[in-house]
Structure formats: C-alpha cells, structure tokens
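*Asks:* this is a predicted model, with the sequence first.
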Amino acid sequence: MIRLENIERTYVMGADTIYALRSVSLSIAPNEYVAVMGPSGSGKSTLMNVIGCLDSPTAGDYWLNGHHVSSMNDRQLARARNRDIGFVFQTFNLLARMTALHNVEVPLIYSGMKRRVRQARARHALETVGLADRMLHRPSEMSGGQRQRVAIARALVTEPSILLADEPTGNLDSITGAEIMKLFDKLYDAGNTIIIVTHEKAVAEHAKRVIRLIDGAVTSDGSPGASR
C-alpha cells in the first residue's frame, strides 16, 4: 500500500541545508496499525506530510497504492489525498457553524456526490464512531472527545484506504484520549489501515508496529515493546 525508498526532505535556510528526512525507506501493508514516534524535530510530522501527499520529497521514491507519488503534480496530489487518505488532526479542524452531520459531509460535497447519498454516508460514519445522537449538534455543543469523533467520522466518510492521524489525543484529557484510542482499535479490527503520529508511549502501544525517528532517520521499526 505504501512504499518509501530513500526518501529525503531538505529545506534551505540561508547558507544552510536542513535535513528533515534522511534516506527513509519503509513499507506499510493494508490493515497495518502503525505509530510513528520521535521527539520534537525528529521528522515525524514531515514524514506524515509526505505520506499524506501534503508535501513532496526532495529525493527518493514514494508509491501509494501502486501510484508513483513522487512524480505527481499538485492536481494529482490533491486527487490522491481525496481518494486515498482520511486525515485526523489534533485540533479537530471542524467548521463551527455547521452541525456534526454537515461537517462530515464536507469532503463528499467537493466530490460532487448527490445530497441524499452523501447524507446517508455521513450518518453511517457518525454511527460508526458512536455519535448517532449528536448528528445535529454543532462543535460548541460537544465535548472535546465528541469533536474528535466527528473529525474521525469525516476522515472515514470518503472510505479512504488509509487513516492518517496527527497527535489525535493531544488536545484531550487522559480518560477521553483513552476512549479515542479504543475507537481507533475498533476501526483497525474492522479492517482499516491506521497510521498515528505521536510522541506519547501510551498511544503508540495501541499500534502493532512502531517506527521511531531521530534527526530525520529511522532508528527502529518493530513491535511497541521492541521500540523502547
């Protein structure tokens, strides 16, 4: 599903070249549950952006579902994001004036799907994350955990091949965060491929595989226990 070969991402700052990723090579198969860990500045957010087609590598090759992402133009990258990847962000990124149902519908509106079909899909996604009774509530009327569930439903509604989550419990208390991780466990058990970027060991321990980065390079790749 995902194959990276010798991926590098550099940034030029004046006379200096900053290496955010250094010769990263890895593969992720369908229905894997992967955590990407590392301290601040380790390159984990850059790796997430490359995998999510939000950024292009400076060098190396990236294949997503058989498509050579490294050679795509901006329009092709946007198509790949919409088709293959469901994003879950730490800050939820919900539209304040819209109900949960309408927030979840948004990605389908851009695809040109008919209203009746997209509303049915959005309802099903909200039911999947346990929010059947909160569909007509706005973000301000929901708890942080409920808002994150709406964000997860929005990521699911396009039926992506990958769920990519960036610090999904970062704005939640420990109890609510644990509930969100149980939801990711359930989605994994249902057959979803999940990649979570996190600095929290408790979050990474839910994954079946942990990739650890330091200074832009992969330093370990294995089970949660092996990565400590």
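*Replies:* Arrived safely.
*Asks:* so how far is the lowest-mean-pLDDT helix or strand in the chain off the chain centroid?
*Replies:* Every helix and strand of the chain was ranked by mean pLDDT, DSSP states H and E. The lowest is helix 74-84, at a mean of 89. Centroid separation between helix 74-84 and its chain, computed with CA atoms, centre = their mean, to the nearest Å, is 15 Å.
*Asks:* make residue 1 into 16 and carry on from there
*Replies:* Let's use 16 as the start, then, which means that last one is helix 89-99.
*Asks:* with just CA atoms, put it into CSV.
*Replies:* Provided in CSV are the C-alpha atoms of helix 89-99 (Å, rounded to 0.1, in the frame of the first residue of the first chain):
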residue,chain,number,x,y,z
ASP,A,89,-0.2,19.4,-7.5
ARG,A,90,-3.5,18.4,-9.1
GLN,A,91,-2.6,14.8,-9.0
LEU,A,92,-1.5,15.0,-5.4
ALA,A,93,-4.8,16.6,-4.4
ARG,A,94,-6.7,13.8,-6.1
ALA,A,95,-4.6,11.2,-4.3
ARG,A,96,-5.3,12.9,-0.9
ASN,A,97,-9.0,13.0,-1.6
ARG,A,98,-9.1,9.4,-2.9
ASP,A,99,-6.8,7.5,-0.6
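*Asks:* buried stuff in it?
*Replies:* 92, 95-96, 98-99 (16 or more other CB atoms under 10 Å). Where you see a C-beta, it was placed from the backbone N, CA and C, and this is true even at glycine.
*Asks:* who touches P183 in this structure?
*Replies:* Neighbouring residues of P183 by CB atoms under 8 Å, 6 or more residues apart in numbering: 103-105, 163, 167, 195-196, 199, 211, 213, 218.
*Asks:* now L116
*Replies:* Contacts of L116 by CB under 8 Å, 6+ apart are 134, 137-138, 141, 150-151.
*Asks:* ok, M87 next?
*Replies:* Neighbouring residues of M87 by CB under 8 Å, 6+ apart: 68, 71, 95.
*Asks:* what about it, distance to L19?
*Replies:* Separation of M87 from L19 (CB to CB, to the nearest Å): 15 Å.
*Asks:* same thing with A137?
*Replies:* From A137 to L19 the distance is 33 Å (CB to CB).
*Asks:* ok, A180 next?
*Replies:* Taking CB to CB, one finds A180 at 18 Å from L19.
*Asks:* residue nearest the centroid of this structure?
*Replies:* Residue closest to the mean C-alpha point of the chain, counted by CA atoms, centre = their mean, is L179 at 1.4 Å.
*Asks:* just say helix, strand or coil for it.
*Replies:* Following DSSP: H, G, I helix; E, B strand; the rest coil, we place L179 in the strand state.
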